[in-house]
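# Generate a structure from the sequence data that follows.
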Amino acid sequence: MDLTEVVAGCLRRWYVPLVVVPLFVLLAGHLAQGAQPSWTATATLVVVPSPGLAVARDPAVGEDGPGDTNPFGSPATLALLVSRTVDVGDRGMDLPAGATTSASWDGLRPSLVLLSATAADPAGARTALAAARDAATAALADLQDRQGVGADAAFLAVSGSGPDAPGLDRPARTRMAVVVVAAGGLAAVTVAVALDTALIRRRSTSTPDRGVPQ
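Model (predicted):
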């Protein structure tokens, strides 16, 4: 099927684009209105040994020290566990309406927990980020408490970078609308040509001696 046949099919079934394209235009407008700007704030926490754990791990202290009784071994292990705990929402957080948070672990900086919060306004982003920081700190303490780790042998969470000033994320509304309308045009052409072909074949089968009506 060449371009001429496609155009002819669309012209014969002109009512298909007349119905399909406006529906996609309405959908594009609805999606563009729903794509509101958002604000995102980020920060990092660093998992570090407590002063007591640092002393216990000091080679100069030797056997005279209290000994390393932390079963997690390295801050990287706890940073990974904390990021997973916070990111899957295992700890309830009091967030502003519509706000979301996330936590991740960077293998290149294994003792860091990367926190991010998104909300409809800067204040909401800051509030959500503070809740994520509190949740990460609480998760770190809870993981160690469950293993019976004492305060002198614990890892602590300290501020790394941030919190950064919330940044504005603007959705590409125009691009979204153009893509949806273009998809609607393509769908209209496809349906019109498919319908035209099916009707011509049906008429050809039902009236074989009279030719194919256009």
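
# in the chain, which spans are strands?
38-49, 100-105, 112-119, 155-159, 167-169 (DSSP state E).

# Please work out which of those strands is packed deepest.
Counting by mean count of other Cβ atoms under 10 Å, strand 112-119 has the highest mean neighbour count of these, with a mean of 24. Every C-beta, even on glycine, is put in place using the N, C-alpha and C of the backbone.

# what about that strand, distance to the chain center?
From the chain centre to the centre of strand 112-119 is a distance of 12 Å (Cα atoms, centre = their mean, to the nearest Å).

# Against which helices or strands is it packed?
The helices and strands touching strand 112-119, judged by 3 or more Cβ pairs under 8 Å, 6 or more residues apart in numbering; DSSP states H and E, are strand 38-49, helix 75-87, strand 100-105, helix 122-145.

# can you put those in JSON lines and add mean pLDDT?
Formatted as JSON lines, the helices and strands packed on strand 112-119 follow (pLDDT from 0 to 100):
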{"stretch": "strand 38-49", "mean pLDDT": "90"}
{"stretch": "helix 75-87", "mean pLDDT": "88"}
{"stretch": "strand 100-105", "mean pLDDT": "89"}
{"stretch": "helix 122-145", "mean pLDDT": "90"}
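
# quick one: which of the ones you listed is nearest Ser161?
Among the helices and strands packed on strand 112-119, strand 38-49 comes nearest to Ser161, with 4.9 Å by Cβ to Cβ.

# could you check the distance from Asp121 over to Pro96?
According to Cβ to Cβ, to the nearest Å, Asp121 stands 8 Å off from Pro96.

# and stretch 46-53, how far out from the chain's middle?
Relative to its chain's centre, stretch 46-53 lies at 32 Å (Cα atoms, centre = their mean).

# what comes into contact with that stretch?
By Cβ atoms under 8 Å, 6 or more residues apart in numbering, the surrounding residues in contact with stretch 46-53 are 57, 66, 68, 70, 75-76, 78-79, 82, 111-113, 140, 151-160.

# How about stretch 183-199?
With Cβ under 8 Å, 6+ apart as the test, stretch 183-199 has contacts from 1, 5-6, 8-10, 12-14, 16-17, 20-21, 23-25, 27-28.

# No further queries at this time; thank you.
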